[in-house]
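# The sequence and its predicted three-dimensional model are supplied below.
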Amino acid sequence: MNILEQMREYGHERVAFHQDPQTGLRAIIALHSSVLGNALGGTRRWCYATEQDALHDVLRLSQGMTYKCACAGLPMGGGKSVVWLPQRGHAPTEAEARAMGRFVDTFNGVYIAAEDVGTTPQYIDWMAMETAHVMGGEQVSRGGDPSPFTARGVFNGMKACLEYAFGSPSVEGRTVAVQGLGNVGTYLVKLLVEPGARVIGADINRQHVERCVDQYGITAASTDEILLTECDVLAPCALGGVIDANTARKLNCRVVCGGANKVLDCPEEDAVVLKSRGIVYGVDFVVNAGGVIELSGQYLNYSRQKLDAMNDEIEATTAQILREGETLSSTYEAAIALGDRRIAAGAASKRERIHAG
Ligand code: NAD
């Protein structure tokens with residue numbers, strides 16, 4: 001399929017490629033939708049096997065951002081960018097980041113870059129030396145690490161799932177299995193343990209496990225077992241695609257609700273399997289929107305009070321999606337439908353404003 005056909009399939013507005021002869025930077029920015037507003041999305045640095053893999057990743061990730069922002073009630077569109085590394089572990093440099101910043105700047109603010117896999121607040125600050133349209137740095141740009149806010153949003157979504165499954169939003173006495181004890185996972189553990197949840201956690205990084213055992217008294221599990229652990233809630237907070245139809249049939253939990261993006265391998269089908277097994281699924285892009293709410297809200301100069309209220313709203317939105325999922329094939333379908341309604345409403349009001357003006 002050629003690039004324009006792929007863009008039509010995903011519904012993209014604009015895709016731009018860039019190569020910088022000085023630094024060797026090869027990058028793609030994908031603007032999926034600007035219907036609801038400018039698009040904020042992370043810059044991923046990754047060693048893709050082929051250019052098509054890099055394109056596929058940026059197309060699907062930017063589409064996901066459109067739905068994440070729409071469901072979060074943000075006046076923001078969806079976009080994402082990727083830097084195609086020449087080899088695995090290729091070290092980030094100021095020169096590369098600044099070249100990327102200049103590329104981002106050509107979008108004049110319709111696309112706003114942020115941190116993602118392979119980029120750090122330092123990388124963001126380097127980009128910010130060349131463009132004002134980047135969020136998540138600590139010195140040159142603002143925003144900082146969004147992980148605590150993402151964890152808080154997951155916690156809010158989890159409360160809605162617990163209420164739906166057990167008739168009470170309380171995590172006290174509940175057993176939660178957390179896969180991935182990195183930034184989001186560790187902040188989530190803290191939020192769970194304080195009100196009395198029992199947490200079982202696993203990570204391929206031993207130090208991350210030890211930190212959570214020492215600081216929060218969690219029970220360590222092996223990475224092979226964590227997904228199928230008997231628990232009330234499974235919270236995937238590591239990588240995407242960890243639950244396929246086969247795994248979904250074997251899970252021993254009542255709720256799936258975690259921070260990882262693209263938790264389900266094939267969401268259209270796997271979410272149906274979860275529903276058929278009576279497992280309550282808090283849709284990933286709805287419950288993990290706390291980080292984008294934080295950075296977008298700061299970009300839009302929202303008050304602290306408004307930002308906190310929008311994060312808390314994740315609980316009500318998740319509850320709405322769980323209810324609407326009852327008459328649809330899955331909660332995933334309900335979340336997509338909610339996003340589509342909000343995007344259609346945004347497009348209609350934009351048309352009205354143009355006619356009125
Ligand atoms: P992170 O890199 O800090 O943490 C991920 C952790 O998962 C690491 O500790 C890693 O060792 C562990 N891990 C990797 N493979 C594993 C496996 N097979 N089993 C167990 N542990 C494994 O990343 P993060 O910022 O905490 O993000 C976690 C997830 O949440 C990612 O999917 C990310 O896309 C998503 N997410 C993050 C944010 C955010 O604000 N950071 C926002 C939205 C979504």
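That came through fine.
# What segments of the stretch 101-250 of the chain are helices?
121-128, 147-166, 183-193, 206-216, 245-250 (DSSP state H, counting those that start in this stretch).
# Make TSV out of these and add mean pLDDT, distance to the ligand and mean neighbour count.
C-betas here are computed from N, CA, C, even on glycine. Below are the helices of the stretch 101-250 of the chain laid out as TSV (pLDDT from 0 to 100; distance: least, Cβ to the nearest ligand atom, whole Å; neighbours: other Cβ atoms under 10 Å):
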stretch	mean pLDDT	distance to the ligand	mean neighbour count
helix 121-128	97	12	24
helix 147-166	98	4	24
helix 183-193	97	4	23
helix 206-216	98	5	15
helix 245-250	97	12	14
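# So which bits of the stretch 151-300 of the chain are right by the ligand?
Proximity of the stretch 151-300 of the chain to the ligand, by Cβ under 6 Å from any ligand atom, involves residues 179-185, 202-205, 208, 223, 237-240, 259-261, 288, 291.
# rerun that using 8 Å as the cut-off
Contact residues, the stretch 151-300 of the chain versus the ligand (Cβ under 8 Å from any ligand atom): 151, 179-186, 202-205, 208, 223, 226, 236-240, 242, 258-262, 284, 288-292.
# one step back: got the helices of the stretch 101-250 of the chain as a markdown table, with distance to residue 115 columns?
Below are the helices of the stretch 101-250 of the chain laid out as a markdown table (distance: least, Cβ to Cβ, whole Å):
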| stretch | distance to residue 115 |
| --- | --- |
| helix 121-128 | 6 |
| helix 147-166 | 9 |
| helix 183-193 | 10 |
| helix 206-216 | 19 |
| helix 245-250 | 29 |
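# Residue 302: which of these is closest?
Smallest distance to residue 302 across those (Cβ to Cβ): 12.5 Å, for helix 147-166.
# The closest one to helix 183-193, inter-axis angle?
Following axes from the mean of the first three to the mean of the last three Cα atoms, to 10 degrees, one obtains 50 degrees for the angle between helix 147-166 and helix 183-193.
# Give me the phi and psi angles of the residue of the stretch 151-300 of the chain found nearest the ligand.
Using Cβ to the nearest ligand atom, the single residue of the stretch 151-300 of the chain nearest to the ligand is residue 182, 1.8 Å away. Main-chain dihedrals, residue 182, degrees, to the nearest 10: phi -90, psi -140.
# how about the nearest residue to it, chain neighbours excluded?
Leaving aside its chain neighbours, residue 182 sits nearest to residue 208 (6.3 Å; criterion: Cβ to Cβ, 6 or more residues apart in numbering).
# Would you map out the domains in this structure?
Domains of the chain are assigned by automatic domain parsing as 3-65+77-128, 147-339.
# chain center to the first one: distance?
When distances are taken as Cα atoms, centre = their mean, to the nearest Å, domain 3-65+77-128 is centred 15 Å away from the chain's centroid.
# Share the number of residues neighbouring residue 136, please.
31 (other Cβ atoms under 10 Å).
# That one and the ligand, how far apart?
9 Å (Cβ to the nearest ligand atom, to the nearest Å).
# wait, that residue sits on residue 123?
No. Judged on Cβ atoms under 8 Å, residue 136 makes no contact with residue 123 at a distance of 9.2 Å.
# helices or strands next to the host helix or strand of residue 323 in the packing?
Assigned by DSSP states H and E, residue 323 belongs to helix 304-324. Counting contacts by 3 or more Cβ pairs under 8 Å, 6 or more residues apart in numbering; DSSP states H and E, helix 304-324 packs against helix 51-72, helix 147-166, helix 284-287, helix 290-299, helix 331-356.
# Go through these and pick out the most buried.
Compared across the helices and strands packed on helix 304-324, helix 284-287 shows the largest average neighbour count, a mean of 27 (mean count of other Cβ atoms under 10 Å).
# so how far is that one off the chain centroid?
7 Å.
# how about the strands of the stretch 1-150 of the chain, start to end?
Ranges of strands in the stretch 1-150 of the chain, per DSSP state E, counting those that start in this stretch, are 14-19, 26-33, 39-46, 78-84, 111-115.
# wait, which of those is closest to the ligand?
Nearest of these (Cβ to the nearest ligand atom): strand 111-115, 7.5 Å.
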